[in-house]
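Colleague: Okay, sequence plus prediction incoming.
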Amino acid sequence: MKVSPVSPSAAERWFQRFAACVLGYLLLVIVFGAWVRITGSGAGCGAHWPSCQGELVPRSPSEATLIEYSHRLSSGLSGLAALVLPLWAFRVFPAGHAARRWSLRTLLLVAVEGAIGAALVKNRLVADDASLARAIVVALHLVNTLLLTASATLTVVAAGRGENPHTSSSEGAARAPLLLIVLIGLGLVAATGAVTALGDTLFPVPLSGGSAVAGSAGGGALRPAADHFLVQLRVLHPVLACGLVVAALGLAKLLASVPSVRPWALLLGGLALLQLVLGGVNVLLRAPGWLQLAHLLVAQLLWISAVLAAQSFWRSGSAISGSPISGSPISRSPISRSPVPGGPAARGEAARRSISRSNA
């Protein structure tokens with residue numbers, strides 16, 4: 001059921017601006033976290049959390065300590081901003097409004113993000129650690145950041161709709177299986193990308209070629225690491241990523257047939273191509289730190305564009321042109337609505353005509 005949109009109030013617009021700023025800041029914190037990994041600064045505060053080297057403010061900090069401590073401060077600020085979101089949303093929006101729900105989810109996911117970061121530090125899964133446990137936690141860490149940025153994005157969207165809070169578009173999910181596949185695929189590729197980036201940091205390949213070596217992240221001696229699982233898994237991410245780009249381009253082409261979704265569909269396709277190029281250059285240049293950061297940022301933007309395209313499509317209640325899905329133009333044609341000869345609708349129509357003639 002479609003509901004006529006209502007223009008948001010001034011208070012709602014101010015909340016939306018704040019939510020957009022929170023989203024942008026979260027992206028910066030996520031990229032900063034990758035820089036901590038790239039520089040091997042994850043152990044800069046030792047195994048202490050939330051304190052640093054057992055102190056609230058470290059004295060005579062090293063470069064690694066400064067980087068790690070700065071990241072913790074920036075993460076703490078994001079936590080405060082996430083706390084403000086639901087408090088403000090509950091003051092501005094009525095009960096049941098989507099902005100309330102998504103702001104609460106954003107706060108919850110920020111808390112989960114902090115808990116994962118604390119687990120990495122407390123269990124010493126940082127710096128030169130190349131264990132399977134660290135690879136699993138790092139992958140989960142990045143998946144949680146995707147859920148976090150999606151929740152923050154939908155908070156911004158919900159705040160700007162000014163709509164009936166009970167409007168639902170869940171039936172749209174059944175109309176675009178490819179859309180769900182791409183969203184799930186983005187999460188899977190992101191997880192493998194996090195593991196690959198960890199391997200690139202711990203076992204970099206020299207520009208001159210040769211086998212992967214370990215120890216550069218922490219400044220230790222370089223040693224061959226061709227048999228390590230992080231090196232052997234490197235091929236998985238680019239293969240999955242190429243398949244996902246093809247699916248994303250196909251999805252963007254289909255979604256572009258829906259006018260209200262076309263801008264997000266074009267953005268999705270453009271970012272997918274850009275990410276493919278960045279990934280290829282990243283492999284050719286042996287994953288330099290600055291390019292890893294750019295690759296991560298575009299991955300987050302690609303994910304956000306997919307979330308916005310999905311949200312816009314599901315709310316439009318439209319079918320994808322040319323796809324054999326429920327709700328297609330064929331199912332809405334006049335022929336499909338004609339009563340079946342001999343069926344209940346036809347018999348009812350005949351009875352009504354008979355009564356009309358007798359009354360006449």
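Modeller: Ah, there it is.
Colleague: Point to the residue nearest the middle of the chain.
Modeller: residue 146 (3.2 Å; Cα atoms, centre = their mean).
Colleague: contacting residues for that residue?
Modeller: 186, 187, 190, 300, 303 (Cβ atoms under 8 Å, 6 or more residues apart in numbering). For every residue, glycine as well, the C-beta is placed using N, CA and C.
Colleague: and if we set it to 7 Å?
Modeller: Counting by Cβ atoms under 7 Å, 6 or more residues apart in numbering, residue 146 makes contact with 187, 190, 303.
Colleague: so it is in which element?
Modeller: In the assignment (DSSP states H and E), residue 146 maps to helix 132-161.
Colleague: which helices and strands does the next helix or strand after that helix pack with?
Modeller: Next helix or strand after helix 132-161 toward the C-terminus (DSSP H and E): helix 177-202. With contacts taken as 3 or more Cβ pairs under 7 Å, 6 or more residues apart in numbering; DSSP states H and E, helix 177-202 sits against helix 132-161, helix 229-232, helix 236-255, helix 289-316.
Colleague: can you do 8 Å?
Modeller: Applying 3 or more Cβ pairs under 8 Å, 6 or more residues apart in numbering; DSSP states H and E, we find helix 177-202 packed against helix 10-38, helix 132-161, helix 229-232, helix 236-255, helix 289-316.
Colleague: List the buried residues of that helix.
Modeller: For helix 177-202, the neighbour count (16 or more other Cβ atoms under 10 Å) marks 178-179, 182-183, 185-187, 189-202 as buried.
Colleague: about what we covered before: could you dump the helices and strands packed on helix 177-202 into TSV with mean pLDDT and distance to residue 96 added?
Modeller: Putting those into TSV (pLDDT from 0 to 100; distance: least, Cβ to Cβ, whole Å) gives the following:
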stretch	mean pLDDT	distance to residue 96
helix 10-38	96	15
helix 132-161	96	11
helix 229-232	91	46
helix 236-255	94	29
helix 289-316	94	17
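Colleague: could I get those helices as a markdown table with distance to residue 49?
Modeller: Output for the helices and strands packed on helix 177-202, formatted as a markdown table (distance: least, Cβ to Cβ, whole Å):
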| stretch | distance to residue 49 |
| --- | --- |
| helix 10-38 | 13 |
| helix 132-161 | 14 |
| helix 229-232 | 25 |
| helix 236-255 | 29 |
| helix 289-316 | 23 |
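Colleague: Which member of the contacts of residue 146 is positioned nearest residue 287?
Modeller: residue 190 (16.0 Å; Cβ to Cβ).
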